[in-house]
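>>> heads up, no residue letters with this:
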């Protein structure tokens, strides 16, 4: 699984990265996690509002922090 956390470095973006890493560890998932902070690259993904989460090339969350249960469900698919 390839996970990308898109965000400029704001508090919500850092929180999304932190909880994503925690959920991956908790669920014992085999995943690579990349933090993308470059605004140009974020725009190339079609994301205008951060934070955003991309899983295997698909935008699954954007513009908000998901609840922990929602994040677990997204990553456990």
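Perfect, I can see it now. Bear in mind that the values here come from a model prediction, so they are computed numbers and not experimental data.

>>> tell me which element residue 53 is part of?
Taking DSSP states H and E as the criterion, residue 53 maps to strand 52-55.

>>> Identify all contacting residues around that strand.
1-7, 16, 20, 42, 45, 59-63, 66, 71, 74-75 (C-beta atoms under 8 Å, 6 or more residues apart in numbering). C-beta here means a position set from N, CA and C on the backbone, and glycine is covered the same way.

>>> Among those, the buried ones, what's the PyMOL command?
Filtering these down to the buried ones (16 or more other C-beta atoms under 10 Å) takes a single PyMOL command:
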select buried, resi 3+4+5+6+7+16+20+42+60+61+62+66+71+74+75
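
>>> can you point me to the longest helix in the chain?
Across the chain, the longest stretch assigned as helix under DSSP state H is helix 11-26.

>>> What is that helix packed up against?
In this structure, helix 11-26 makes packing contacts with strand 2-6, strand 32-36, helix 68-75, judged by 3 or more C-beta pairs under 8 Å, 6 or more residues apart in numbering; DSSP states H and E.

>>> gap between the residue nearest the centre of the chain and residue 77?
Centroid-nearest residue in the chain, with C-alpha atoms, centre = their mean: residue 53, separated by 2.9 Å. Residue 53 is 13 Å from residue 77, where distance means C-beta to C-beta, to the nearest Å.
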